[in-house]
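Student: structure here, sequence nowhere to be found:
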Ligand code: GDP
Ligand code: MN
């Protein structure tokens, strides 16, 4: 899912006419100070990462002066939240909080609903998982007509909002519901939204996730890859996405996995299907090898798509091998893979990666024909001195034997490294 950071989500909410605190995002502590000066009163300094529980992680800080804002920002930038560095902080006016509330809009996929759903609770600010079920109130939303005022009033009344505040809450929630629809959100969670001392409702936090399938309808978001990524997209991610985007036949997933391009032991990783991908990781883990990337060519993709994915996987510099991991029985015509792999290896091995270990495991429909295509198509490279001398081809006998596949890759990659080192490469 395409996810927004808090400050981005709040910008979109502001544009949709919702009340959000005055503030801006900063990438340095100096900038944080400047923003605090502009705001001219006490501020909240909030680390921007894709994770909840920032309060607990110590990256939401409330301060009184611009100097304190700078110090708080510096402290937050030095932190790491679940392995992710904090590169930005949102500096916004500190709210005068009388009470915190929870609301979220999600898709209710249950057969009897199949519609958006609003969840509301007077217990805001804490993890929604820790809110007792009887304090969480739900209402399904008509996908065409949106949240009706009477439904919003009803859900708030059930939650115990006093009568004189019902229309204020209902109109706030109905505006959010319109934003949820307008932006094609999958999830819109405001935890907390708060009532100020003077009785206004304000969005104090924002978690906004856009439906991947709708990203094409929203050029204003500037989302380059409609997919869940751990951080900013890398070049490999962008290429991988362009393969998916330009050809809808089957899956041709390709994604970066934090490969550092200098350390030994990385394998160009090309599993076929999700189960296969887990077994492939097992094969690598057992012998201390690591995947350079993640990939997946399943759902019966055409040869051209498999070819493009394999070519990218193999183009990664300094890899110690290539694993085509057709573990399990992928329910697809495997000769597409066979043709694609033959073409790629014939292009890559002789010119760029002579002697690269290539363990090719291919099982499934038309397996015998597929293995035949691989063997015949690569035979002339697989001579003892040929560029394909470390190609090994396996079929169903090894469909669950991750240990064997890992060991073959390890043995071949050691040989390959030694050979490269002896040639001074
Ligand atoms: P989360 O922990 O990642 O969900 O971060 P939140 O944005 O929800 O902030 C955590 C808590 O900070 C909120 O529940 C509030 O109780 C508290 N908080 C206190 N004062 C303020 C304020 O002025 N602004 C904001 N945004 N949060 C505040
Ligand atoms: Mn929150």
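Tutor: Now that the structure is in, tell me what you want to look at. All values reported here derive from a predicted model rather than from experimental measurement. Ligands and ions are numbered 1, 2, ... in the order given.
Student: any idea how many residues pack against the closest residue to residue 184 other than its chain neighbours?
Tutor: Closest residue in space to residue 184, ignoring its immediate chain neighbours: residue 214 at 3.5 Å, by Cβ to Cβ, 6 or more residues apart in numbering. From N, CA and C alone the C-beta is placed, and that goes for glycine too. Residue 214 has 15 neighbours, counted by other Cβ atoms under 10 Å.
Student: tell me the secondary structure for residue 214?
Tutor: Residue 214 falls in the helix class when you classify it by DSSP: H, G, I helix; E, B strand; the rest coil.
Student: so how far is residue 49 from residue 82?
Tutor: For residue 82, the distance to residue 49 equals 8 Å [Cβ to Cβ, to the nearest Å].
Student: more neighbours: these two, which one.
Tutor: Between residue 82 and residue 49, counted using other Cβ under 10 Å, the more crowded position is residue 49 (22 against 9).
Student: what pLDDT does the nearest residue to the more buried one once chain neighbours are set aside get?
Tutor: Nearest residue to residue 49 in three dimensions, chain neighbours excluded: residue 81, at 4.8 Å (Cβ to Cβ, 6+ apart). Here, the pLDDT recorded for residue 81 equals 85.
Student: can you pull the contacts of residue 81?
Tutor: Counting by Cβ atoms under 8 Å, 6 or more residues apart in numbering, residue 81 touches 47, 49, 51, 54, 57, 59.
Student: ramachandran coordinates for the residue of the stretch 251-400 of the chain found nearest ligand 1?
Tutor: Closest approach between the stretch 251-400 of the chain and ligand 1, counting by Cβ to the nearest ligand atom: residue 258, at 24.2 Å. Note on residue 258: backbone dihedrals following degrees, to the nearest 10 are phi 80, psi 30.
Student: tell me how many other residues surround it.
Tutor: 12.
Student: try the one 4 residues further on
Tutor: Taking other Cβ under 10 Å as the neighbour definition, residue 262 ends up with a count of 8.
Student: wouldn't it be in contact with residue 318 here?
Tutor: Yes. Under the contact definition of Cβ atoms under 8 Å, residue 262 touches residue 318, with a separation of 6.7 Å.
Student: so who does whichever residue of the stretch 201-350 of the chain sits closest to ligand 2 touch?
Tutor: Residue nearest to ligand 2 within the stretch 201-350 of the chain (Cβ to the ion): residue 205, separated by 3.6 Å. Residue 205 makes contact with 6, 189, 190, 191, 192, 193, according to Cβ under 8 Å, 6+ apart.
Student: direction included, what does the lowest-mean-pLDDT helix or strand in the chain pair against?
Tutor: When the helices and strands of the chain are scored by mean pLDDT, DSSP states H and E, strand 84-85 comes last with a mean of 83. When pairs are called by DSSP bridges, strand 84-85 turns out to pair with strand 80-81 (antiparallel).
Student: how about the partner strand and ligand 1, any contact?
Tutor: No. Between strand 80-81 and ligand 1, judged by Cβ under 6 Å from any ligand atom, nothing touches; the nearest distance is 9.4 Å.
Student: please renumber the chain so that the first residue is 52 from this point on.
Tutor: In the new numbering, first residue 52, that becomes strand 131-132.
Student: so, low pLDDT: which residues of this protein?
Tutor: Segments of the chain classed as low confidence (criterion: pLDDT under 70) are 52, 281, 381, 476.
Student: regarding it, what is its longest helix?
Tutor: When every helix of the chain is counted residue by residue (DSSP state H), the longest turns out to be helix 453-473.
Student: can you give me the buried ones in that one?
Tutor: Buried residues in helix 453-473, counting neighbours by 16 or more other Cβ atoms under 10 Å, are found at 453, 455, 456, 457, 459, 460, 461, 463, 464, 467, 468.
Student: quick one: which of those is nearest ligand 1?
Tutor: Nearest to ligand 1 among the buried residues of helix 453-473, with distances taken as Cβ to the nearest ligand atom, is residue 453, at 38.8 Å.
Student: gap between that closest one and residue 378?
Tutor: Applying Cβ to Cβ, one obtains 7 Å for the distance of residue 453 from residue 378.
Student: shared neighbours, the two?
Tutor: Residues touching both residue 453 and residue 378 comprise 330, 331, 334, with contact defined as Cβ under 8 Å, 6+ apart.
Student: so which of these are also by ligand 2?
Tutor: By Cβ under 5 Å from the ion, no member of the shared contacts of residue 453 and residue 378 lies near ligand 2.
Student: please flag which of those residues sit within strands.
Tutor: The subset of those located in strands under the criterion DSSP state E is empty.
Student: residues contacting residue 362?
Tutor: Under the criterion of Cβ under 8 Å, 6+ apart, the contact partners of residue 362 comprise 395, 398, 399.
Student: and the last one, backbone torsions?
Tutor: Okay, so that is residue 399. Main-chain torsions, residue 399, degrees, to the nearest 10: phi -90, psi -50.
Student: was I right to think it contacts residue 366?
Tutor: Yes. With contact defined as Cβ under 8 Å, residue 399 and residue 366 form a contacting pair (7.5 Å).
Student: which secondary structure element contains the most centrally placed residue in the chain?
Tutor: In the chain, the centroid-proximal residue (Cα atoms, centre = their mean) is residue 279; its distance is 2.0 Å. No secondary structure element spans residue 279, as it lies outside all helices and strands (assigned by DSSP states H and E).
Student: what's the answer for residue 202, then?
Tutor: Taking DSSP H and E as the definition, residue 202 sits inside helix 200-210.
Student: so which elements touch the helix or strand following that helix?
Tutor: Scanning the chain past helix 200-210 towards its C-terminal end, the next helix or strand to appear is helix 217-233 (assignment: DSSP H and E). Here helix 217-233 is seen to pack against helix 57-66, strand 148-159, strand 166-172, helix 200-210, strand 236-247, strand 252-254 when contacts are counted using 3 or more Cβ pairs under 8 Å, 6 or more residues apart in numbering; DSSP states H and E.
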